[in-house]
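Novice: quick one: sequence plus predicted model below, questions after.
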Amino acid sequence: MSEVEHYGTGRRKNAVARVFLRPGTGKFLVNSREADTYFKNPILRTAVRFPLVVTETLERFDTLVTVRGGGHAGQAGAIRHGLARALLASNSELRGELRKQGLLTRDARIKERKKYGQKGARARFQFSKR
């Protein structure tokens, strides 16, 4: 008997998360570590589980995540996005609730590049008359 596995890719800033959902008891692993030990910040811990809480499927799935790139906040956002997509793959009737919470939309905000002749993306070098 083969267990059904659902997959979703999530992206945020420079982070890319691959999320696998398997029927289970609610175990949540991020890069082979418990989510609570991987994310020290309680806000990020809440954010990664949010799609499961919204759809009331927290105890129904084991979640296995591999995430690369970016910082902790970007990785948490990528996991949240990928988890929402994986939930959608498992049950298409969840689309309305996930969409209403804005979980299926990819957050396109990324760092603006530094421009030549300037100090940063928008900051200029300080002007000196003398």
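Specialist: The structure has been received and is ready for your questions.
Novice: all strands of this protein, in order?
Specialist: Under the criterion DSSP state E, strands of the chain are mapped to 6-12, 15-23, 28-30, 33-34, 61-68.
Novice: list the helices and strands the second one packs on?
Specialist: Going back to what we said before, that points to strand 15-23. strand 6-12, strand 61-68, helix 72-90 (3 or more CB pairs under 8 Å, 6 or more residues apart in numbering; DSSP states H and E). All C-beta atoms are positioned from the backbone trio N, CA, C, and that covers glycine.
Novice: now swap in the last one and tell me
Specialist: Using 3+ CB pairs under 8 Å, 6+ apart as the contact criterion, the neighbours of strand 61-68 among helices and strands are strand 15-23, strand 28-30, helix 72-90.
Novice: what's the answer for the fourth one, then?
Specialist: The elements that strand 33-34 packs onto, with contact taken as 3+ CB pairs under 8 Å, 6+ apart, do not include any helix or strand.
Novice: which other residues reach it?
Specialist: Identification of contacts with strand 33-34 by CB atoms under 8 Å, 6 or more residues apart in numbering yields residue 28.
Novice: on that earlier part again, could you dump the helices and strands packed on strand 61-68 into TSV with mean neighbour count and distance to residue 45 added?
Specialist: TSV is the format used below for the helices and strands packed on strand 61-68 (neighbours: other CB atoms under 10 Å; distance: least, CB to CB, whole Å):
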stretch	mean neighbour count	distance to residue 45
strand 15-23	20	15
strand 28-30	20	9
helix 72-90	24	8
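Novice: can I get the ones you listed in CSV with distance to residue 108 and mean pLDDT?
Specialist: Formatted as CSV, the helices and strands packed on strand 61-68 follow (distance: least, CB to CB, whole Å; pLDDT from 0 to 100):
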stretch, distance to residue 108, mean pLDDT
strand 15-23, 13, 96
strand 28-30, 23, 95
helix 72-90, 11, 96
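Novice: re the thing from before, adding distance to residue 101, write the strands of the chain out as TSV.
Specialist: As requested, the strands of the chain are arranged in TSV below (distance: least, CB to CB, whole Å):
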stretch	distance to residue 101
strand 6-12	14
strand 15-23	17
strand 28-30	19
strand 33-34	25
strand 61-68	18
